[in-house]
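Asks: generate a structure from the sequence data that follows.
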Amino acid sequence: MKSTETEYQEIIQHCQELFSRKNRDYGTSWRILRLPSLTDQIFIKAQRIRTIQDKGTQKVQDGMTDEFVGIINYSVMALIQIALENTNQSIENDQLTQLYEDQIAEVKTLLFNKNHDYGEAWRDMRVSSMTDIILMKLLRIKQIEDNEGFTLVSEGVKAGYQDIINYAVFCLIKSNGLQTN
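Replies: Predicted structure coming up:
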């Protein structure tokens, strides 16, 4: 059995390579999106996964693996937007690669800190439960966005996006990595 760190790195490497290829195709056109638009894109992907899980079938070719990868990459985009204060300026390829890696490094540190405290409890969870948690985190983010970022006692949207990335990675690991759809 591979270590969590190895599995995590393989999945993130795949996500980053796809992100890079899409950047070559589209540039940083996604920079025009406001955070609520990115949140909605992630929500669409998570809701599609839940629908496929509930119905047991799908009619569109893209599988759940592709959707989890999309959730990871859109969440990284959101974290980059937060870091750059949501300006819509384009970013050079090298700078974008560094921004992606910086965000993932922070998310990965969070994962291993939580894994230490929770003893990799996610390994005993169902993918469907983690999908529900992703959707719940998205609803929380939407509420915080609707409150113009104000919270009384809760973490902000950044923490939500970071958790979403980690849960999506867990779902991919639990679904045999990038091999299945």
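
Asks: and the closest residue to residue 2 other than its chain neighbours, how many neighbours?
Replies: With sequence-adjacent residues excluded and distances taken as CB to CB, 6 or more residues apart in numbering, residue 2 is closest to residue 10, at 7.9 Å. For glycine as for every other residue, the C-beta is placed from the backbone atoms N, C-alpha and C. Other residues near residue 10 come to 16 when the count uses other CB atoms under 10 Å.

Asks: so what secondary structure elements neighbour the strand or helix carrying residue 10?
Replies: According to DSSP states H and E, residue 10 maps onto helix 4-26. Taking 3 or more CB pairs under 8 Å, 6 or more residues apart in numbering; DSSP states H and E as the contact definition, the neighbouring helices and strands of helix 4-26 are helix 64-83, helix 93-118, helix 157-174.

Asks: what are the phi and psi values for residue 150?
Replies: Dihedral angles phi and psi of residue 150 (degrees, to the nearest 10) take the values phi -80, psi 130.

Asks: contact partners for it?
Replies: residue 144 (CB atoms under 8 Å, 6 or more residues apart in numbering).

Asks: one more: residue 58?
Replies: Applying CB under 8 Å, 6+ apart, one finds that residue 58 lies in contact with residue 52.

Asks: brilliant, that's me finished.
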